[in-house]
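> Give me the fold of what follows.
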Amino acid sequence: MKNTGCSGSRPTLLLIGSNGQVGWELRRTLAGIGDVVAASIEGECGPVIDLMDPDALARLISETKPDAVINAAAYTAVDKAEADREIAQRINADAVGEMGALLAKTGTPIIHYSTDFVFSGNLNRAYTEDDTPDPLNVYGETKLGGERALLESGAKALVFRTSWVYGARGANFLLTMLRLFKEREELRVVDDQIGSPTWSRMLAEMTSMVLYRVLHGDLDLDQVGGLYNLTGAGQVSWCGFASAILEASGLDARLIPIPSTEYQAPAMRPMYSVLDNSLFQETFGLSMPDWRLSLTQCLEELKR
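Next up, the predicted model:
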């Protein structure tokens, strides 16, 4: 690894999936701690990476020689994944395992993101890292496969399980609601699925703070590497989240809470997928803000 001290050169950080809602925020937060090589699947900026091609992944890592890799790429179309299992498996699982195998050879650290959808939602308490996953859909199955493949690869890895990610960019619940509030007078929103909304910017900020300490030797991934929950604090239903968005935005619409049985979708969702962040807080001394505060800040940014 390059010298990353005060008098040394800046570390090279390979960000895979730089155009997604988390990747977009990571481009900003990571710039403060290193030189970011932003690789995207779509190719809006920086090198293009085809995660369907194992050779392309190996070439990118060989050419960039990163000091750390942050993988924010994922197949996140939950319903579409039911019919696209092969593609979801390749991007969410197989490619992640290959990253781990490649980086294990050089001792290069990698940070990767997983999801609350690895759980069925049948518990009546927040899930910890020790709870046994039991995904209900292809998306959850493939994300679980990816985190397991990475952690078994021998790479110096951190896997952050997160949930209900939203932000000012990309396809997410917040932006969908803001659009629908302007288009419709009445919206029916599921009210019996409970989770923790997570602002993509806060996720990126936490990632960068942890990675900075890893690169500067304050954290030894041989000791603290592994799986951690990392979500916004607190919990709410989808309808409750929509109500908070409506109130904070100042728009006018009527929300009708409905049960999941009235919202037919190809993929099943967990009814309760709140994650316990205690291990992350105890290990790194950091905590995510309450989801309500993050939502307010995100909406203020959108207005600006």
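> Can you show me the strands along the stretch 201-304 of the chain?
226-229, 236-237, 254-258 (DSSP state E, counting those that start in this stretch).
> okay if I get those strands as TSV plus mean pLDDT?
Shown next, in TSV, are the strands of the stretch 201-304 of the chain (pLDDT from 0 to 100):
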stretch	mean pLDDT
strand 226-229	98
strand 236-237	98
strand 254-258	96
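> Indicate which one of those strands is closest to Arg10.
strand 226-229 (26.0 Å; CB to CB). C-beta: built from backbone N, CA, C; applies to glycine.
> How about the contacts made by the spatially closest residue to Asp252 that is not a sequence neighbour?
Closest residue to Asp252 in three dimensions, ignoring its sequence neighbours and counting by CB to CB, 6 or more residues apart in numbering: Phe181, at 7.5 Å. With CB atoms under 8 Å, 6 or more residues apart in numbering as the criterion, the residues that contact Phe181 are 187, 245-246, 249, 251-253.
> same question, Ala157
100, 109-112, 150-151, 221, 225-226.
> Now with 7 Å, please.
100, 110, 112, 150-151, 225 (CB atoms under 7 Å, 6 or more residues apart in numbering).
> Report pLDDT for it.
Note for Ala157: predicted pLDDT of 98.
> Surely the residue nearest to Asp252 is within a strand?
No: when DSSP: H, G, I helix; E, B strand; the rest coil is applied, Phe181 is found to be helix, with no strand at that position.
> how close does it sit to Arg254?
10 Å (CB to CB, to the nearest Å).
> Out of the contacts of Ala157, list just those in helices.
100, 150-151 (DSSP state H).
> can you redo these as TSV with distance to Leu30, pLDDT and neighbour count?
Output for the ones in helices among the contacts of Ala157, formatted as TSV (distance: CB to CB, whole Å; pLDDT from 0 to 100; neighbours: other CB atoms under 10 Å):
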residue	distance to Leu30	pLDDT	neighbour count
Gly100	20	97	23
Leu150	19	97	28
Leu151	22	97	19
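> now, among the contacts of Ala157, which is nearest to Met206?
His112 (14.0 Å).
> Would you map the helices across the stretch 1-150 of the chain?
In the stretch 1-150 of the chain, helices defined by DSSP state H, counting those that start in this stretch lie at 21-30, 54-64, 85-89, 95-104, 138-151, listed in chain order.
> what about the first one, average pLDDT?
By that I understand helix 21-30. 95.
> Spatially, what comes nearest to Gly226 if we skip its sequence neighbours?
Here the residue nearest Gly226, using CB to CB, 6+ apart, is Leu151, at 6.7 Å.
> Could you list which residues are in contact with the one you found?
Contacts of Leu151 (CB under 7 Å, 6+ apart): 157, 159, 226-227.
> go with 8 Å
Leu151 touches 100, 157, 159, 226-227, counting by CB under 8 Å, 6+ apart.
> between those, which is closest to Ala81?
Nearest to Ala81 among the contacts of Leu151, with distances taken as CB to CB, is Val159, at 19.4 Å.
> ok, that closest one - how many residues close by?
For Val159, the count of nearby residues is 24 (other CB atoms under 10 Å).
> Secondary structure class of it, three-state.
Strictly by three-state DSSP, Val159 counts as strand.
> list the contacts for it?
Val159 neighbours (CB under 8 Å, 6+ apart): 111-114, 147, 150-151, 226-228.
> any chance of these in JSON lines, plus distance to Asp53?
JSON lines is the format used below for the contacts of Val159 (distance: CB to CB, whole Å):
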{"residue": "Ile111", "distance to Asp53": "22"}
{"residue": "His112", "distance to Asp53": "19"}
{"residue": "Tyr113", "distance to Asp53": "21"}
{"residue": "Ser114", "distance to Asp53": "23"}
{"residue": "Glu147", "distance to Asp53": "22"}
{"residue": "Leu150", "distance to Asp53": "19"}
{"residue": "Leu151", "distance to Asp53": "24"}
{"residue": "Gly226", "distance to Asp53": "29"}
{"residue": "Leu227", "distance to Asp53": "28"}
{"residue": "Tyr228", "distance to Asp53": "30"}
